[in-house]
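K.L.:
heads up, no residue letters with this:
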């Protein structure tokens, strides 16, 4: 057993019994870790508070990591970046819930991945500090594929179709797995941009929904076991 001090982002928390939580985190030092936090739901003066374990909360942890168990223990914790606007915005809360579900589903590696951690951390801070965020989740998921190993190959971006399975632009269509026409125009508009420029693009509700469905399908084709998030319907409702 080793005592580790690390930054961490909460991906999910599950009530265990009447008073405890099982929490899954992405840690900076050692990738994905799960923790049993006993008695946190009844303790009034404990070091750890239930609010620390809301989806995508950013923490500093001192934890015991046990190589012989899948559940570890947190000795100390504090919020390293208190969100200022997320808790007062239904849109931002819904985006956070949706992204936490996606990240909890797809991130499994118990090893350090500093670029991935930094990307998620800085993206969430951007979300908290900006007001026009309707396209945030689209670009977040698309650019996340850079760190997961299947970002679209843009070397032939001028071609007329995009093969979702190959992740490449081509002039040959395979019907179901190929984007063309309006869909490929929307998809291309998302490539090569960052959060600060995404608000210069104006999408209708229907276009935003189309892009999201394309990205979710792209994830389904490239990540084994990826399931359509349950919160997808909630997200679409909020943006309608």
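P.N.:
Thanks, I have the structure now. Just so we're clear, the structure is a prediction, and the values are computed from it rather than from any experiment. Residues are numbered from 1 along each chain as shown.
K.L.:
biggest strand in this protein, by residue count?
P.N.:
In the chain, assigned by DSSP state E, the strand with the most residues is strand 2-16.
K.L.:
From the rest of the structure, what touches the next helix or strand after that strand?
P.N.:
Downstream of strand 2-16, the next assigned helix or strand under DSSP states H and E is strand 20-27. Here strand 20-27 makes contact (C-beta atoms under 8 Å, 6 or more residues apart in numbering) with 4, 6-16, 32-41, 50, 53, 59, 61, 71, 74, 103-104, 107, 116-117, 120. Every residue, glycine included, has its C-beta placed from N, CA and C.
K.L.:
Would you mark the buried spots in the helix or strand of the chain with the lowest mean pLDDT?
P.N.:
Within the chain, no helix or strand scores below helix 232-239, which has a mean of 86 by mean pLDDT, DSSP states H and E. Neighbour-count burial for helix 232-239 flags 235, 236, 238, 239 (criterion: 16 or more other C-beta atoms under 10 Å).
K.L.:
nearest to residue 179, of these?
P.N.:
residue 236 (19.9 Å; C-beta to C-beta).
K.L.:
where's the closest one relative to residue 186, distance?
P.N.:
16 Å (C-beta to C-beta, to the nearest Å).
K.L.:
Number of residues surrounding residue 162?
P.N.:
Using other C-beta atoms under 10 Å, residue 162 has 27 neighbouring residues.
K.L.:
Check the secondary structure at it for me.
P.N.:
Here residue 162 is recorded as strand under DSSP: H, G, I helix; E, B strand; the rest coil.
K.L.:
hmm, back to that, which elements pack onto the least confident helix or strand of the chain?
P.N.:
Using 3 or more C-beta pairs under 8 Å, 6 or more residues apart in numbering; DSSP states H and E, the elements in contact with helix 232-239 are helix 90-106, helix 205-222.
K.L.:
tell me the angle of the shortest one relative to helix 232-239?
P.N.:
Same thing as helix 90-106. On the basis of axes from the mean of the first three to the mean of the last three C-alpha atoms, to 10 degrees, helix 90-106 is oriented at 160 degrees to helix 232-239.
K.L.:
What's the first helix or strand after helix 90-106?
P.N.:
helix 114-129.
K.L.:
distance between that next one and the chain's centre?
P.N.:
Chain-centre distance of helix 114-129: 10 Å, with C-alpha atoms, centre = their mean, to the nearest Å.
K.L.:
Also stretch 36-56?
P.N.:
Distance, centroid of stretch 36-56 to centroid of chain: 22 Å (C-alpha atoms, centre = their mean).
K.L.:
Can you give me the buried ones in that stretch?
P.N.:
Quick answer for stretch 36-56 (16+ other C-beta under 10 Å): 36, 37, 38, 40, 41, 48, 52, 53, 54, 55, 56.
K.L.:
surely the third one meets residue 18?
P.N.:
No. Distance between residue 38 and residue 18: 11.2 Å, which falls outside the contact criterion (C-beta atoms under 8 Å).
K.L.:
So residue 46 belongs to a strand, correct?
P.N.:
No. Residue 46: not assigned to a strand; according to three-state DSSP it is coil.
K.L.:
the domain parsing of the protein - what is it?
P.N.:
2-81, 86-239 (automatic domain parsing).
K.L.:
count of neighbours near the closest residue in space to residue 225 that isn't next to it in sequence?
P.N.:
For residue 225, ignoring the flanking residues on the chain, the nearest one in space by C-beta to C-beta, 6 or more residues apart in numbering is residue 105 at 8.0 Å. Burial of residue 105 is recorded as 17 neighbouring residues (other C-beta under 10 Å).
K.L.:
gap between residue 105 and residue 209?
P.N.:
21 Å.
K.L.:
Equivalent analysis for residue 117, please.
P.N.:
Counting by C-beta to C-beta, the gap from residue 117 to residue 209 is 30 Å.
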